[in-house]
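# Predicted coordinates and the sequence they were generated for:
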Amino acid sequence: HVQLVESGGGLVQPGGSLRLSCAASVDTIGRYCMGWFRQAPGKEREGVAGLDSTGTTIYADSVKGRFTISRDNAQNTLYLKLNSLKIEDTAMYYCAKDLDSAFGGNRDYWGQGTQVTVS
């Protein structure tokens, strides 16, 4: 069983920055594809960024050039740096672990989420 615990959310002004963290309970972050997702009130959950076991990254068009996904294998932690934040980035942000090491698989574990509010 894998536990994922997010932190780092908060209230920030437009144009500001935050760094989200996702700590895993077991040796997971570097071995599997990991991702960040978000869900705003009344909207569907959407993928924000992904990082596979080779280090390849993917981003939603809405965050390209502003958000950066990264990991620290030694700390078993996944990060999401959010820069140039916009009001429309307001959402609950979740990290998730995939079943596989490459993109295209399904998620098998989710964190509880951390709230990002841009206002």
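Arrived safely.
# Point out where this structure drops to low pLDDT.
Along the chain, segments meeting pLDDT under 70 are nowhere present.
# any chance you could map the strands in this structure?
In the chain, the strands defined using DSSP state E lie at 4-7, 10-12, 18-24, 34-39, 46-51, 57-59, 67-72, 77-82, 91-98, 107-110, 114-118.
# burial of the closest residue in space to residue 62 that isn't next to it in sequence, as a residue count?
Ranked by Cβ to Cβ, 6 or more residues apart in numbering and with sequence neighbours excluded, the top spatial neighbour of residue 62 is residue 88, at 7.7 Å. C-beta: built from backbone N, CA, C; applies to glycine. By other Cβ atoms under 10 Å, the residues close to residue 88 number 10.
# now swap in residue 60 and tell me
15.
# Contacts only, for the residue nearest to the spatial centre of the chain.
With distances taken as Cα atoms, centre = their mean, the residue of the chain nearest its centroid is residue 36 (2.4 Å). Residue 36 makes contact with 20, 22, 47-50, 67, 69, 78, 80, 93-96, according to Cβ atoms under 8 Å, 6 or more residues apart in numbering.
# List just the nearest of these to residue 28.
The shortest approach to residue 28 among the contacts of residue 36 belongs to residue 78, at 9.0 Å (Cβ to Cβ).
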